[in-house]
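Student: Sequence and predicted model, in that order:
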Amino acid sequence: MTHGAKLYVYQMRQDDQRKCTSAKLCRLGLVRPILHRYRIPKKGITLNPKATDVFSPEDKLHLSHGLVAIDCSWKRIDEVFAKRFRGLNRRLPLLMASNPINYGKISMLSSVEALASALYIANCIEESKKLMSIFKWGPNFLELNKNPLEDYRLAKGPEDIIKIERDYFGSI
C-alpha cells in the first residue's frame, strides 16, 4: 500500500471495538494486526506518545521494516507506555485530533490519525489520505492539521520538527 511501508497495529483491545479505528483498518486489510508485543518488528518505527525522540522525515528509511501504532485507551496511556516497545520508538509531533472522541485535543490521536500523520510526514501523502478517507471525519483531520503536517514533512530532521512544533503549539 505504501512506498514499501508495512502498516501494523498492536491491538490491546481496551476500547469499544465498534468505535476503534484500528479494528476497522484491520477488517479492511489495510493494516496487519499484532496481538502479542514480541511480534512488533524490531527494526520498524513504533509510534509511542511517551517516546523522547520525535518522528521526522528521516524516519522514512525505517518504514520498510514496519510502522506500528499501539491501539490502547488514552485513559491507560501511562500504564501502557511505562515500558518501551520493540522497534524505534518515536512520538509524533504535536497535532490536533479530529476523531469524534477527542476532537480538538492536542495529540490525543486515534490509531488511524497516528498512522496517517507518520505517513504524511514521511512524504507518503496519498497513502495518508487513503487511510483518512475511510472515516467520515477523516479528511477533516488532514485539513485541520494541513499547515503543521506540511511543515513537518518539509523539515530537515528532528531539531526542525521541535522548532516547528513550538511555532504552532507553543511549549505544551
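Tutor: That came in fine, so what should we check first?
Student: All the strands of the chain, residue numbers only.
Tutor: 7-11, 32-34, 45-47, 67-71, 88-90 (DSSP state E).
Student: Export these as TSV, with columns for distance to Cys124 and mean pLDDT.
Tutor: Any C-beta I mention is one placed from the backbone N, CA and C, and that applies to glycine too. Converted to TSV, the strands of the chain look like this (distance: least, CB to CB, whole Å; pLDDT from 0 to 100):
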stretch	distance to Cys124	mean pLDDT
strand 7-11	10	87
strand 32-34	17	90
strand 45-47	12	93
strand 67-71	9	90
strand 88-90	15	94
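Student: Would you reformat these as TSV and include mean neighbour count and distance to Glu159?
Tutor: Formatted as TSV, the strands of the chain follow (neighbours: other CB atoms under 10 Å; distance: least, CB to CB, whole Å):
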stretch	mean neighbour count	distance to Glu159
strand 7-11	24	27
strand 32-34	17	31
strand 45-47	24	18
strand 67-71	28	22
strand 88-90	21	14
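Student: just the helices in this structure please.
Tutor: 21-27, 77-80, 111-121, 125-133, 138-144, 146-154, 158-169 (DSSP state H).
Student: Of all the residues in the fifth one, which ones are buried?
Tutor: Think helix 138-144. Neighbour-count burial for helix 138-144, counted by 16 or more other CB atoms under 10 Å, picks out Gly138, Phe141, Leu142, Leu144.
Student: Return the member of those nearest to Ile125.
Tutor: Leu142 (9.0 Å; CB to CB).
Student: Verify the stated contact: that closest one with Glu150.
Tutor: No. Assessed by CB atoms under 8 Å, Leu142 is found out of contact with Glu150, at 10.0 Å.
Student: Roughly how far does Leu67 sit from Leu35?
Tutor: Per CB to CB, to the nearest Å, Leu67 is found 17 Å from Leu35.
Student: Contact partners for the residue lying closest to Phe85 once chain neighbours are set aside?
Tutor: Leaving out its chain neighbours, the residue that sits closest to Phe85 by CB to CB, 6 or more residues apart in numbering is Thr46, at 4.6 Å. By CB atoms under 8 Å, 6 or more residues apart in numbering, the contact list for Thr46 reads Ile40, Val68, Ile70, Phe85, Arg86, Gly87, Leu88, Asn89, Arg90.
Student: what about 6 Å?
Tutor: Neighbouring residues of Thr46 by CB atoms under 6 Å, 6 or more residues apart in numbering: Val68, Phe85, Gly87, Asn89.
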